[in-house]
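S.K.: following is a predicted model, sequence given first.
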Amino acid sequence: KLKVIEENRAEGSPAFKDIPLNSEVTISTLLDKMITANDNTATNMLIDVLGQDEINEYIKQQGYADTVLNVKLGLKVPQLLKNALEEEKKPIGTHNYTSVNDLVNLFVKLYNGKCVSLTADKAMLELLAKQPDRGKLGALLPKEIKMAHQVGEAKGIINDAGIIYAKDPYILAVLTDRSV
């Protein structure tokens, strides 16, 4: 079990906002809340478990050329940095990045059971299928169409990527940047 600490508490964290500091949670709970509630506190705690450098090394080894984890998610940003970002003077390493190409490649690997292992990939897809937000990729799909996807949102950014299990399954990734 891991303890919830202030350094990982993300603003607007839906699942962990009312959890007292030093409460213990399991990795399984963190994974579930990271996906099903888009909870950034859970994500930040998992970053601590795995290590930011180790995550970035794994991303490179897997061939995801456009993806980098530079910062934890949703943490309070010091005012000086916030002003710089708002003025488009983005300091290097203050944002996380990915691409449609990397996300499609990830979901192709997951779909084919070639991301980690058949067992792990199946577990990840089952968790991603529990993502309740159907307001983006799933907005116009019939409710009976299963999806395994993940939504990502931040100021000015709305992303959704995953597998649509239609009659002929397909992978779709939509990323926006400052378009909303």
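M.R.: Structure's in. What do you need? Everything numeric here is computed off the predicted structure, so don't read it as measured data.

S.K.: which SS state does the closest residue in space to Ser99 that isn't next to it in sequence fall under?
M.R.: Closest residue in space to Ser99, ignoring its immediate chain neighbours: Asp66 at 3.6 Å, by Cβ to Cβ, 6 or more residues apart in numbering. (Each C-beta comes from the backbone N, C-alpha and C, glycine too.) Following DSSP: H, G, I helix; E, B strand; the rest coil, the label given to Asp66 is coil.

S.K.: got a list of what Asp66 touches?
M.R.: The neighbours of Asp66, taking Cβ atoms under 8 Å, 6 or more residues apart in numbering as the test, are Tyr97, Thr98, Ser99, Asn101, Asp102.

S.K.: ok, it to Lys136 distance?
M.R.: According to Cβ to Cβ, to the nearest Å, Asp66 stands 21 Å off from Lys136.

S.K.: the residue nearest the centre of the chain: which element?
M.R.: Centroid-nearest residue in the chain, with Cα atoms, centre = their mean: Gly152, separated by 5.9 Å. Under the criterion of DSSP states H and E, Gly152 resides in strand 146-154.

S.K.: partner strands of that strand and their direction?
M.R.: strand 157-165 (antiparallel) (DSSP bridges).

S.K.: mind listing what's buried in the partner strand?
M.R.: Judged by neighbour count using 16 or more other Cβ atoms under 10 Å, the buried positions of strand 157-165 are Ile158, Asn159, Asp160, Ala161, Gly162, Ile163, Ile164, Tyr165.

S.K.: same question, stretch 38-56
M.R.: For stretch 38-56, the neighbour count (16+ other Cβ under 10 Å) marks Asn38, Asp39, Asn40, Thr41, Ala42, Thr43, Asn44, Met45, Leu46, Ile47, Ile55 as buried.

S.K.: ok, now stretch 99-111?
M.R.: Asp102, Leu103, Asn105, Leu106, Phe107, Lys109, Leu110, Tyr111.

S.K.: quick one: name whatever helix or strand follows the helix or strand of the chain with the lowest mean pLDDT.
M.R.: Least confident element among the helices and strands of the chain, by mean pLDDT, DSSP states H and E: helix 79-86 (a mean of 54). The helix or strand immediately downstream of helix 79-86 is helix 100-111, counting by DSSP H and E.

S.K.: how far off centre is that next one?
M.R.: 14 Å (Cα atoms, centre = their mean, to the nearest Å).

S.K.: same check on stretch 164-172?
M.R.: For stretch 164-172, the distance to the chain centre is 21 Å (Cα atoms, centre = their mean).

S.K.: mind checking the pLDDT average for that stretch?
M.R.: The average pLDDT within stretch 164-172 is 97.

S.K.: can you list contacts of it?
M.R.: For stretch 164-172, using Cβ under 8 Å, 6+ apart, the contacting residues are 104, 107-108, 111, 137-138, 141, 145-149, 161-163.
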